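Engineer: what shape does this take:
(one chain, ligands or ions: 1)
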Amino acid sequence: VSTVGFIGLGHMGHGMSLNLLKSSHKVIGYDLNEQVLNEFQKAGGVRATSIAEVARNSDIVITMLPKGAHVKSVYLGDDGVIANAGHGKLFIDSSTIDIETSVLVAEKAAKEGHRFLDAPVSGGEKGASNGTLSFMVGGDEATFEQATPILSLMGSSLFYVGKNGSGLAVKLVNNMLLGITMAATGEAFNLIERLGVDPKKFYAIASKSTGSNWALNENCPVPGILEESPASHDYKPGFAAGLMLKDLCLGQQIAINTNASTPFGALATSIFSMACHSGLADQDMSAVIKFLAGNKS
Ligand code: NAD
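Structural biologist: I've put the predicted structure just below:
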């Protein structure tokens, strides 16, 4: 039984850390937000007062933070994980961030004799609380094998991709595809409504036809078609449009770095950027349909 440190107990980290607590591991957690720390403590977690305390007292450290800048400061800061962890520990970062930051942290960790994996997830808050996340993992394969028991407590599908940064590569390209299909699905529903066809009928047919895709089938942007979809609950996320924009921007960065042409990715980035500026950032990404229809948020 090892002690697991968890830094970043927000929307995703909350459910993930609670699933670790259900196992026999001791879990020590830290977040800047007092409220989420209190909830973690109430669920049986050990509350730390600093990142350094987590790093010193854990065999494995998991991080679930918003952006690359947070990951950099949490791992590389003077009071951060690497400066305080000693030697030979396992670090797993599940944040969706830029590849450069992740690879830089992996290199600095290796220099101090630690192992580092990028292990971004898909499955959202629901997957985090149900322990059914998908992990796509980059790093040394033997390290992935060592991490498998702990990742299995939080996820039901574990995919090893390749070297450090490659888990993030898959995550960012997947989310670029999702952003494109979400916007395209909204556009299709707006057109069908103009044509006077019942969107429920369109859904029934298109979801079984060649237009079928996850954004249509599972995250249908028209209210009242799927009981469970965010659209049927005032577009409460789900996956917020603002987070989609963040991931699309990261996708454009890697496209520029590799000189790849991604015209649909670029267009989806612009559409989500305008949708977010129009006030939809905190709504589910399927609310992009309202922006495309010219509706006020
Ligand atoms: P969140 O903002 O709810 O949680 C992040 C937490 O990190 C916050 O509680 C914040 O206080 C904490 N934090 C920030 N800086 C810190 C620091 N220096 N020390 C300690 N704690 C710090 O975000 P989230 O929705 O949990 O997402 C986390 C990551 O997972 C993001 O990269 C996101 O893109 C990705 N992701 C989110 C979802 C989703 O549906 N929410 C799905 C897949 C992936």
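
Engineer: and residue 159, what are its phi and psi?
Structural biologist: In terms of degrees, to the nearest 10, the main-chain angles of residue 159 are phi -120, psi 120.

Engineer: and the pLDDT for the residue nearest to it when sequence neighbours are not counted?
Structural biologist: The shortest distance from residue 159 to any non-neighbouring residue, by CB to CB, 6 or more residues apart in numbering, is to residue 136 (4.8 Å). Quick note: C-beta positions are derived from backbone N, CA and C, even for glycine. For residue 136, the pLDDT comes out at 98.

Engineer: which element is residue 110 on?
Structural biologist: helix 99-111 (DSSP states H and E).

Engineer: show residues contacting the helix or strand harbouring the residue nearest to residue 159.
Structural biologist: In the assignment (DSSP H and E), residue 136 maps to strand 133-138. For strand 133-138, the external contacting residues (CB atoms under 8 Å, 6 or more residues apart in numbering) are 16, 94, 102, 117-123, 127, 144, 147, 151, 154-171, 174.

Engineer: what's the answer for stretch 232-247, then?
Structural biologist: 67, 96, 124, 171-172, 175-176, 178-179, 182, 219, 223-226, 230, 269, 272-273, 275-276, 280-288, 290.

Engineer: need the contact list for the residue of the stretch 101-250 of the chain found nearest the ligand.
Structural biologist: Taking CB to the nearest ligand atom, the ligand has its nearest neighbour within the stretch 101-250 of the chain at residue 124, 3.8 Å off. Residue 124 is in contact with 12, 238, 239, counting by CB under 8 Å, 6+ apart.

Engineer: hang on, the earlier thing: take the strand holding residue 136, keep the C-alpha atoms, and write them as CSV.
Structural biologist: The C-alpha trace of strand 133-138 is given here as CSV (Å, rounded to 0.1, in the frame of the first residue of the first chain):
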residue,chain,number,x,y,z
LEU,A,133,-12.2,7.6,-17.3
SER,A,134,-10.1,6.8,-20.3
PHE,A,135,-6.4,7.5,-19.8
MET,A,136,-4.1,8.1,-22.8
VAL,A,137,-0.6,7.8,-21.5
GLY,A,138,2.8,9.0,-22.7
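
Engineer: report the inter-axis angle for it versus helix 99-111.
Structural biologist: 70 degrees (axes from the mean of the first three to the mean of the last three CA atoms, to 10 degrees).

Engineer: which strands or helices does the helix holding residue 110 pack on?
Structural biologist: Contact partners of helix 99-111 among helices and strands, from 3 or more CB pairs under 8 Å, 6 or more residues apart in numbering; DSSP states H and E: helix 68-76, helix 81-84, strand 90-93, strand 115-118, helix 166-194.

Engineer: and that helix, what's buried?
Structural biologist: Within helix 99-111, the residues scored as buried using 16 or more other CB atoms under 10 Å are 99, 101, 102, 103, 104, 105, 106, 108, 109.

Engineer: reformat those residues as CSV; add pLDDT.
Structural biologist: Formatted as CSV, those follow (pLDDT from 0 to 100):
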residue, pLDDT
99, 97
101, 98
102, 98
103, 98
104, 98
105, 98
106, 98
108, 98
109, 98
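
Engineer: show me which of those residues is closest to residue 189.
Structural biologist: residue 99 (33.9 Å; CB to CB).

Engineer: neighbours of residue 235, how many?
Structural biologist: Neighbour count for residue 235, taken as other CB atoms under 10 Å: 24.

Engineer: did I read that right, it in a strand?
Structural biologist: No: according to DSSP: H, G, I helix; E, B strand; the rest coil, residue 235 belongs to no strand; its state is coil.
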